[in-house]
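**Q** Sharing a model that was predicted from the sequence below.
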Amino acid sequence: MVQGAGGAGEQASRGPGDKALSDLVASRDTGGRDPDSRVTKLVLLGLALAWSLFQLWYASPLPFIFNFAILNDTEARSIHLAFAIFLAFAAYPTLKSSPRHKVPVQDWAVALIAAFCAAYQFLFYESLSQRIGLPTTFDLIVSGVGMLCLLEATRRALGPPLMIVAIVFLAYIFFGSTDFVPDVIQWKGASFGKAMWHLWLQTEGVFGVPLGVSTSFVFLFVLFGSLLDKAGAGNYFIQVAFAFLGHMRGGPAKAAVVSSGMTGLISGSSIANVVTTGTFTIPLMKKVGFSSEKAGAVEVASSVNGQLMPPVMGAAAFLMVEYVGIPYFEVIKHAFLPAVISYIALLYIVHLEALKQDLRGLPRRHEPKPLMWMLISLGLTVASIAIVAGGIYWLFQLAGLLAQNSALFWGALIVAAIELGLYFGVRGAVPESSRWRVLSTGGIVLCNLVIGAFGIYGLVSLVADLFGPMAPYVTALLVIGLYVGLIWYSTRFPPLKLESEQDAYTLPDPGPTVKAGLYFLPPVGVLVWALMVERLSPGLSAFWATAFMILILLTQRPLRAFFSHSGRYMREIKSGVVELLDGMIAGARNMIGIGVATAAAGIIVGAVTLTGIGQVMTEFVEFVSGGSVILMLLFTAVLSLILGMGLPTTANYIVVATLMAPVVVNLGSEVGLVVELIAVHLFVFYFGIMADVTPPVGLASFAAAAVSGGDPIRTGFTAFFYSLRTVLLPFIFIFNGQLLLIGVTGPFEFALVVFAALAGMLTFAAATQGFFVARSRIWETALLLLVAFTFLRPGYFMDQIQPPTQSVPPTQIMETAGDAPANTSLRLVVEGLSIEGDEVRKTVLLPLGEAEGKTGEERLESSGLIVEMEDGDVVVDRVAFASRAEKLGLEFGYKVVALEVPTDQPPKELFYIPALLLLGAVYWLQRGRGRRHAARTADQAAQ
């Protein structure tokens, strides 16, 4: 279990199986060696600490301030891999039977050789840049040895799967022209020199985009999560989830879902997530009646889903920025709704399981205040802090007659009025136990969050207006002041320490539990603010959040001692320094596997760009699917699942994005299925992640079974059954982009999309569980599936009545682009000869961006497309490098043969009405049947 909040840092006493669990996580994430030699241990810890310090220096503004040690991307990637590969050989044993208490001499030697080969581009950057494409013999020796070392490091740190895949692609580079390779995938082959230059001595292969993202972004986020966990935030999240949800039906399972989701935000490993939260949640789920397999499956489903949750998404979010070519904020916006509704649906599945088995929750230690009153009190406290300062600013703005700001100010007042209406109206009108009272509580808390957001935005704006260039420093002081105030407030409550096994079956009190760790929220708020509001780069945002976490680790213990008058300041300062060092070392050791994985995945990326095998994958799936869109998506999903087996999240996404995403884009465009690129990448990412759940290589399922004592295969299949809602979502948002908030404009449309998505997913969960209000009959399950499909894909039925688009002459392209609304896309049908000489016909969606003050030609050019008229034809004249048009596969010389514009189709949301009526009919039938069954049971009990 993780360290306690309140500056605990103590480890819980573990059960007899905990050493095996620690070894499992170490063997996958941090390395299985624990040397006896003090010198060896210090060397390994010192290198890990040095790696963290290097990454902090590289991400910070300090190199530019002091004009010292300024590194370009290639040099930084080289150093990053040198640290990762050295620690991989030093921390991971050669074989399972190899000794773990020492590092053999041969491993030290190989680690040094591998680190030299990895650092070669840093050490000889100038000379390499002067002989581009002309490697020397020594260059080739270093590249070949480095490649072998990387493959071995991959095997040690990640197991055989990724290494085998990389070897297959290497073999294809060298032997792709031999007779034993099928004709359909043969290519001319490459010399050793050409391959090594491409893969090792430049930035197309090992040192390409994946390793660059690991260097620039991923390390800082992993380090931030590690420091947050060392401070005690992981245990805080678990305790809060149990305090609020543990008393409900199947409460420990619901708490497991929420706590795994929260820890998933800061964790880059689904296996570590399972073990961290599962050692606490799985025994409690079994205590209230869940079987070993179901308890493990709930933990697996919720932990793996944590890799889909923004803002980190197991580090895949930052890779999507590079692969899709859209800002980080857009990636988060598109990924948010599917992840959230998937988690809500999992909570509902757990609730249905509890209803089916009549499971109860855990008892509370003390009878708490009414839940609604506590949540309202907490929300009002948080909101009022922001409103007092922020309201002053809005009043100034209102006096200045600034329409936009006054609208926001009045919006905050309206939300506050709604909150008061819910509070006094519902509180006085319905009983304490009513579900409407519970729902109104959620509405009140949401209102508090909105008001608080308005107030915080107003406060920051006020500081910016008053202090000008000094505003960032003033804001930083205010945030630090808020942190100190929350530390002082937390000392009024007992610190959250890890419970003993017996006490763990009694729930903590919600109020003191929440208040004891509120000071963990400011650094998370800093990260979100920097990413979402200030729009800083992910690396710089993570740096400032990590710097704040360093401050917290150094000061939380001394400040608590000061405010509680307990003395022992030097002891607490020393403990804080130790926890900081532990966190930085743990963050680096957690990155060993990710660093090696992104480098090894670069071999696959480089092989694809060198050989063109991606086109072969497209042709293979096209041949197997026979042109069927659904079959094409199914085969792509299965291949993504297979390719993702045994891989960590980051490498998983790189592999499926490189090999399978182009398949969906190319084949879809040929058959008229036009999909936004982000939807395609999320599609393959979701199925790649499912490999952690699915037998026979469901590593998260094996970890959960080790905790629960259940059968790993049955745990895996049960977890996959619980994850069917996650399997369904990618197929839905491929056809319904609104689930990714694509094309959603205005608050009313957003609210409608959220309602339909939630209703559809919850109905689908009820259908797959065979239980809604009572156990479903077969025909009721069929109706529920129809209702779910209607909510999630209403356009299907409307398209049967009236097509959504109609063709117009391509010569109207300028007028059509100029008249299109802002931030919409132009649907083009193009054909021509590709660079390879193949005839191509495809349909693409070209984003047009802003509309105000721009002509059609300017809007096309903003997406990288320039066309000209030739003899009545519209021909692509130029495609800008790295533009959206290039990413869509448009090339010079293509002809635009058709424009497809939207028709005046009736609103597809009209089909929500019959769906609601059908759902109401099933509810009414099952409710009546449930009441009759309850009455018969009561009569039998009375007799």
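**A** Yep, it's here.
**Q** tally of neighbours for E534?
**A** When counting by other Cβ atoms under 10 Å, one arrives at 13 neighbours for E534. (C-beta placed from N, C-alpha, C; glycine too.)
**Q** do you know how far V474 is from F543?
**A** Counting by Cβ to Cβ, to the nearest Å, the gap between V474 and F543 amounts to 20 Å.
**Q** Let me see the domain layout of the protein.
**A** Under the assignment named as automatic domain parsing, the residue ranges that make up the domains of the chain are 621-801, 806-902.
**Q** And those: which comes nearest F563?
**A** Shortest separation from F563 across the domains of the chain is recorded for domain 621-801, at 37.5 Å, computed as Cβ to Cβ.
**Q** From one end of the closest one to the other, what's the distance?
**A** End-to-end distance of domain 621-801 (Cα to Cα, to the nearest Å): 31 Å.
**Q** now it: how far from the chain's centre is it?
**A** Averaged C-alpha coordinates place domain 621-801 at 15 Å from its chain's average position (Cα atoms, centre = their mean, to the nearest Å).
**Q** what mean pLDDT does that domain have?
**A** Along domain 621-801, the predicted local confidence has a mean pLDDT of 82.
**Q** swap in stretch 894-912?
**A** The pLDDT scores in stretch 894-912 average 86.
**Q** Any chance you could list what contacts it?
**A** Under the contact criterion Cβ atoms under 8 Å, 6 or more residues apart in numbering, stretch 894-912 has outside partners 752, 756, 790-791, 794-795, 797-798, 801-810, 812-813, 816, 826-832, 840-841, 843, 867, 873-876.
**Q** Filter these down to the buried ones and hand me the ChimeraX line.
**A** Buried members of the contacts of stretch 894-912, identified by 16 or more other Cβ atoms under 10 Å, are gathered into one ChimeraX selection as follows:
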select :752,756,790,791,794,795,798,805,810,813,816,826,827,828,829,830,832,840,843,867,874,875,876
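**Q** picking that back up, looking at the domains of the chain, which is buried most?
**A** For those, the stretch with the most neighbours on average is domain 621-801, a mean of 21; neighbours defined as mean count of other Cβ atoms under 10 Å.
**Q** Please produce TSV containing the domains of the chain, extended by distance to A84.
**A** Putting those into TSV (distance: least, Cβ to Cβ, whole Å) gives the following:
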stretch	distance to A84
domain 621-801	12
domain 806-902	28
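**Q** returning to what we had before: V474 and F543: which has the busier surroundings?
**A** Comparing V474 with F543 by other Cβ under 10 Å, the one with more neighbours is F543, at 24 against 15.
**Q** surely V675 meets V665?
**A** Yes: counting by Cβ atoms under 8 Å, V665 is a contact partner of V675 at 7.2 Å.
**Q** for this protein, what spans make up the strands?
**A** For the chain, the strands identified by DSSP state E occupy 805-808, 825-833, 839-847, 865-870, 873-879, 895-902, in order along the chain.
**Q** Take those strands and lay them out in JSON lines including distance to A119.
**A** JSON lines is the format used below for these (distance: least, Cβ to Cβ, whole Å):
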{"stretch": "strand 805-808", "distance to A119": "54"}
{"stretch": "strand 825-833", "distance to A119": "44"}
{"stretch": "strand 839-847", "distance to A119": "41"}
{"stretch": "strand 865-870", "distance to A119": "42"}
{"stretch": "strand 873-879", "distance to A119": "37"}
{"stretch": "strand 895-902", "distance to A119": "49"}
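**Q** now for those, which one comes closest to F116?
**A** Ranking the strands of the chain by distance to F116, with Cβ to Cβ as the measure, places strand 873-879 first at 41.3 Å.
**Q** ok, which stretches of the stretch 151-300 of the chain are helices?
**A** Across the stretch 151-300 of the chain, reading from the start of the chain, the helices by DSSP state H, counting those that start in this stretch fall at 160-175, 192-199, 209-213, 219-231, 233-245, 251-264, 270-287, 292-305.
**Q** Helices of the stretch 451-600 of the chain, start to end?
**A** Under DSSP H, counting those that start in this stretch, the stretch 451-600 of the chain gives helices at 471-490, 510-515, 521-532, 538-563, 569-611.
**Q** any chance of those in JSON lines, plus mean pLDDT?
**A** As requested, the helices of the stretch 451-600 of the chain are arranged in JSON lines below (pLDDT from 0 to 100):
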{"stretch": "helix 471-490", "mean pLDDT": "86"}
{"stretch": "helix 510-515", "mean pLDDT": "79"}
{"stretch": "helix 521-532", "mean pLDDT": "82"}
{"stretch": "helix 538-563", "mean pLDDT": "90"}
{"stretch": "helix 569-611", "mean pLDDT": "88"}
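**Q** In a markdown table: the ones you listed, plus distance to L496.
**A** A markdown table is the format used below for the helices of the stretch 451-600 of the chain (distance: least, Cβ to Cβ, whole Å):
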| stretch | distance to L496 |
| --- | --- |
| helix 471-490 | 9 |
| helix 510-515 | 7 |
| helix 521-532 | 14 |
| helix 538-563 | 12 |
| helix 569-611 | 15 |
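**Q** contacting residues around L786?
**A** A915, L918.
**Q** coming back round to it: quick one: closest of the domains of the chain to S143.
**A** Closest to S143 of the domains of the chain is domain 621-801 (Cβ to Cβ; 20.7 Å).
**Q** Quick check, central residue of the chain?
**A** For the chain, the residue lying nearest the average C-alpha position, counting by Cα atoms, centre = their mean, turns out to be M313 (1.5 Å).
**Q** That residue contacts A335, doesn't it?
**A** Yes: using Cβ under 8 Å, M313 is in contact with A335, at 6.3 Å.
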